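Engineer: After the sequence you'll find the predicted model.
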Number of protein chains: 2
Amino acid sequence: MRNLITDVPGVLVGNAQDRRAATGVTVALFEQSTVASVATLGGAPGSRAVTLLEPEMTRGMIDAVVLSGGSLFGLDAAGGATAVLVSQKRGAMFGGITLPVAVQAILFDLVNGGEKDWIKQPMTHKPPYWDLGRDAALAASAEFALGTAGAGVGATTVNLKGGLGSASMRTQQGFTVGALAAVNAVGSATIGDGPQFWAAAYEQGSEFGGLGWPTRVPAEALAIRFKGQPAPVTATTIALVATDAKLSKAECKRLAIMANDGLARALRPVHAPNDGDTVFAAATGHAGPGGEPPVLTELGAAAADCLARAVARGVYEATALPYAKALPDWRSKFGRQ
Amino acid sequence: MRNLITDVPGVLVGNAQDRRAATGVTVALFEQSTVASVATLGGAPGSRAVTLLEPEMTRGMIDAVVLSGGSLFGLDAAGGATAVLVSQKRGAMFGGITLPVAVQAILFDLVNGGEKDWIKQPMTHKPPYWDLGRDAALAASAEFALGTAGAGVGATTVNLKGGLGSASMRTQQGFTVGALAAVNAVGSATIGDGPQFWAAAYEQGSEFGGLGWPTRVPAEALAIRFKGQPAPVTATTIALVATDAKLSKAECKRLAIMANDGLARALRPVHAPNDGDTVFAAATGHAGPGGEPPVLTELGAAAADCLARAVARGVYEATALPYAKALPDWRSKFGRQ
């Protein structure tokens, strides 16, 4: 086990980034078309090709999940990932054409200090996301970087640099579950001004420092802090959970909804009006049926745990952006634990 | 009145097309950011940035609606339209950046005879849609072409060439309502093999031939014919209805749902499993409040009528694609009425 979402057989992940613009794209590629759905619990989402993931829609199989910076500009990235999928002859046949499906969610990293040329000179500089989506898909493999990588490059939380996180586990029933998150939260992954993570209860080993929970949370640490006070900005934590269980699209929707509970446990606040939190869930089906309610309950709980851990790891593994006003990263603030 | 959606003050429309690929893009630009929502009643939709249009989501204002060919590849088009909006400094402020919102739906025109280079050589030929989205937004004006234009270039119905249609009317309460549709239906806009339109009851003047309804529909004309028998293909009719009434986002959602009834009256079958029918509704608010149930009922009925007429006009105004196997257009089959 790598403690990455790629521990789920058939799931590969690639990153691409534009360091000057301080943004990037992460693509999760499925080696075979995979059942998936989505649960969008944030209030300000930006997404592409996600309506087809609703249970009442016909198309049930997707080939990639794209997580991207760039806010609405970033939604070009799925186009680049799709080109790679077409070159690999991926996707279902429609009228003699193989039409792969890349679904996408974005996060808002437009005001993090990076040079966003396409906003200053929109008619001469195209956004970089189509190319980043292509490059991230081409880079897909079982190993990939966490922290300030891919869609995590430009990500922040309210008090610390955010980033790309991942985690995996095996359930008692023998299924593998993994999570991938680009953590650009409106709130905080850590408790007050201290080094401890809200998600510490679910930590495996010392994957994000091993500091555990405080026995008591002081009142000042419960003060609610979030981005956009007073000027509105948007945030967003976007994620994918995957399992090797066989699930229907409706069961994947249930998995995505339960996985959002991991965001609730790892971030405070979350699912806010200016927070576009979106969680995809995919089931490769390699390991047998998982849709019976007791089995799916365990899968959903595992997905929530993995996603909470992935969020904490995304913050723990991040390195600060090289700008004067950039938020500090966890390790430079609290030391390598 | 032009009998176009641009009769609604503040709505402009532009087309761009790639004749060799037999595809194109239509962009409806709002001169001021506008409340909007969407109702997706087809089973195989492809869309971009539409989740934010749901009533429980925060962002309420959009700047453009993009209708495009190209199926999922076409979803790059909103990126090009967004670049134009940025250059015009459009959109709400987020963290010091103006972030315009272009929402999009696509139709499937990949197997209509045009050269789709980006599918044959995906790593060397980018899809044309980003550029087409930009060019269509730059072309936005009060006058625009119908038929085989913009998103209607590659569109077909089961028995005739489809196309881009539009219509408008004034309600008894004095509101203006307009519709814009790219008609790529899984079914038929005409009754059996004859020239008469299902939408004939709602026709104004002779805007689509003036032939009226048959007094009796023969049994053979009720035989259900649709694309994809037996091999699956996808279709889709995508549309925008707009009004100058002032509506909330939830009221716009109601308007979009009622407008889908216009598709039901103009196309048979419609809203099918492989049909991605998506209807946006936008309310510019120039003409006073329209959200009281009796007023909104009249607006919704008017939107349904306009959309039914726009569908018929899209077919009536189309010209066939220049390929041996291309479907005939209405006028070459039935003569200019």
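Structural biologist: Perfect, thanks for sending it. Numbers count the residues shown, from 1 in each chain, chains lettered A, B, ... in the order given.

Engineer: where along the stretch 1-150 of chain A do the helices fall?
Structural biologist: A:77-87, A:117-120, A:129-138 (DSSP state H, counting those that start in this stretch).

Engineer: give me every residue that touches A:D117.
Structural biologist: A:A21, A:H125 (Cβ atoms under 8 Å, 6 or more residues apart in numbering or on different chains). From N, CA and C alone the C-beta is placed, and that goes for glycine too.

Engineer: re earlier: so which of the helices of the stretch 1-150 of chain A gets nearest A:A320?
Structural biologist: When the helices of the stretch 1-150 of chain A are compared for distance to A:A320 using Cβ to Cβ, the nearest one is helix A:129-138, at 21.2 Å.

Engineer: Outside of the closest one itself, list whatever touches it.
Structural biologist: With Cβ under 8 Å, 6+ apart, helix A:129-138 has contacts from A:14-18, A:23-27, A:29, A:64, A:66, A:68-70, A:73-85, A:102, A:150, B:76, B:79, B:126, B:130.

Engineer: re the thing from before, can you convert the helices of the stretch 1-150 of chain A into TSV and add a column each for mean pLDDT?
Structural biologist: Below are the helices of the stretch 1-150 of chain A laid out as TSV (pLDDT from 0 to 100):
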stretch	mean pLDDT
helix A:77-87	98
helix A:117-120	95
helix A:129-138	98
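
Engineer: Can you lay out those helices as JSON lines showing distance to A:F226?
Structural biologist: Formatted as JSON lines, those follow (distance: least, Cβ to Cβ, whole Å):
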{"stretch": "helix A:77-87", "distance to A:F226": "27"}
{"stretch": "helix A:117-120", "distance to A:F226": "24"}
{"stretch": "helix A:129-138", "distance to A:F226": "26"}
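
Engineer: Comparing those, which comes out most buried?
Structural biologist: helix A:77-87 (a mean of 29; mean count of other Cβ atoms under 10 Å in any protein chain shown).

Engineer: Quick check: chain neighbours aside, which residue is closest to A:A326?
Structural biologist: A:A320 (5.1 Å; Cβ to Cβ, 6 or more residues apart in numbering or on different chains).

Engineer: ditto for A:I238
Structural biologist: A:A105 (4.2 Å).

Engineer: how about the strands in chain A?
Structural biologist: Listed in chain order, the strands of chain A (DSSP state E) span A:11-18, A:23-40, A:47-48, A:61-68, A:92-94, A:97-99, A:102-106, A:163-170, A:176-184, A:236-243, A:278-283.

Engineer: Just the buried residues of stretch A:295-306, please?
Structural biologist: Judged by neighbour count (16 or more other Cβ atoms under 10 Å in any protein chain shown), stretch A:295-306 contains these buried residues: A:V295, A:L296, A:E298, A:L299, A:G300, A:A301, A:A302, A:A303, A:A304, A:D305, A:C306.

Engineer: Which strands or helices does the lowest-mean-pLDDT helix or strand in chain A pack on?
Structural biologist: When each helix and strand of chain A is scored by mean pLDDT, DSSP states H and E, strand A:92-94 comes last, with a mean of 82. Applying 3 or more Cβ pairs under 8 Å, 6 or more residues apart in numbering or on different chains; DSSP states H and E, we find strand A:92-94 packed against strand A:97-99.

Engineer: and the strand it packs on, which strands flank it?
Structural biologist: strand A:92-94 (antiparallel) (DSSP bridges).

Engineer: From the chain's centroid, how far away is the strand it pairs with?
Structural biologist: 28 Å (Cα atoms, centre = their mean, to the nearest Å).

Engineer: Please apply the same query to stretch A:107-127.
Structural biologist: Centroid displacement of stretch A:107-127 relative to its chain, using Cα atoms, centre = their mean, is 22 Å.

Engineer: Out of the helices of the stretch 1-150 of chain A, flag the one nearest B:V279.
Structural biologist: Per Cβ to Cβ, nearest to B:V279 of the helices of the stretch 1-150 of chain A: helix A:77-87, 23.0 Å.

Engineer: re the thing from before, could you list which of the buried residues of stretch A:295-306 belong to helices?
Structural biologist: A:V295, A:L296, A:E298, A:L299, A:G300, A:A301, A:A302, A:A303, A:A304, A:D305, A:C306 (DSSP state H).

Engineer: would you turn those into CSV with pLDDT?
Structural biologist: Shown next, in CSV, are those (pLDDT from 0 to 100):
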residue, pLDDT
A:V295, 96
A:L296, 97
A:E298, 97
A:L299, 98
A:G300, 97
A:A301, 97
A:A302, 98
A:A303, 98
A:A304, 98
A:D305, 98
A:C306, 98
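
Engineer: ok, of these, which one's closest to chain B?
Structural biologist: Proximity of these to chain B (Cβ to the nearest Cβ) peaks at A:A303, which lies at 20.6 Å.

Engineer: I figured the closest one was touching A:L180, is that so?
Structural biologist: No. The pair A:A303 / A:L180 is not scored as a contact, 11.3 Å apart, by Cβ atoms under 8 Å.

Engineer: any residues in contact with both of these two?
Structural biologist: A:V241.

Engineer: how many neighbours does the residue nearest to A:I238 have?
Structural biologist: Residues lying near A:A105 (other Cβ atoms under 10 Å in any protein chain shown) number 32.

Engineer: Over to the one 3 residues further on?
Structural biologist: A:F108 is flanked by 30 other residues according to other Cβ under 10 Å.

Engineer: how much space between it and A:T237?
Structural biologist: Using Cβ to Cβ, to the nearest Å, A:F108 is found at 11 Å from A:T237.

Engineer: what touches both of these two?
Structural biologist: By the contact definition Cβ under 8 Å, 6+ apart, A:F108 and A:T237 are jointly contacted by A:N184.

Engineer: what ranges do the helices span in the stretch 151-300 of chain A?
Structural biologist: With DSSP H, counting those that start in this stretch as the criterion, the stretch 151-300 of chain A has helices spanning A:249-266, A:293-316.

Engineer: orientation of the longest one relative to strand A:163-170 in degrees?
Structural biologist: Read that as helix A:293-316. Relative orientation of helix A:293-316 and strand A:163-170, computed by axes from the mean of the first three to the mean of the last three Cα atoms, to 10 degrees: 150 degrees.

Engineer: helices and strands around helix A:293-316, which ones?
Structural biologist: strand A:163-170, strand A:176-184, strand A:236-243, helix A:249-266, helix A:330-334.

Engineer: Please identify which of these is closest to A:A92.
Structural biologist: Using Cβ to Cβ, the helices and strands packed on helix A:293-316 put helix A:249-266 closest to A:A92, at 14.2 Å.

Engineer: Show me which residues of the closest one are buried.
Structural biologist: Those would be A:249, A:251-266, for helix A:249-266 by 16+ other Cβ under 10 Å.

Engineer: cool, stretch A:49-56 as well?
Structural biologist: For stretch A:49-56, burial by neighbour count (16+ other Cβ under 10 Å) applies to A:A49, A:V50, A:T51, A:L52, A:L53.

Engineer: And the residues you listed, which is closest to chain B?
Structural biologist: Chain B has its nearest neighbour among the buried residues of stretch A:49-56 in A:T51, at 4.6 Å by Cβ to the nearest Cβ.

Engineer: how about that closest one, what does it touch?
Structural biologist: Here A:T51 is in contact with A:M57, B:T40, B:P45, B:G46, B:S47, B:V50, B:T51, B:T278 (Cβ under 8 Å, 6+ apart).

Engineer: top of these by neighbour count?
Structural biologist: Neighbour counts for these peak at B:G46, which has 31 neighbours (criterion: other Cβ under 10 Å).

Engineer: correct me, but that residue touches B:I106?
Structural biologist: Yes. Between B:G46 and B:I106 there is a contact under Cβ under 8 Å: 4.3 Å.

Engineer: Find residues that contact each of those two.
Structural biologist: Common neighbours of B:G46 and B:I106 (criterion: Cβ under 8 Å, 6+ apart): B:S71, B:L72, B:G74, B:L75, B:T236, B:G276.

Engineer: gap between the fifth one and B:P55?
Structural biologist: Same thing as B:T236. Remark: distance between B:T236 and B:P55 (Cβ to Cβ) = 24 Å.
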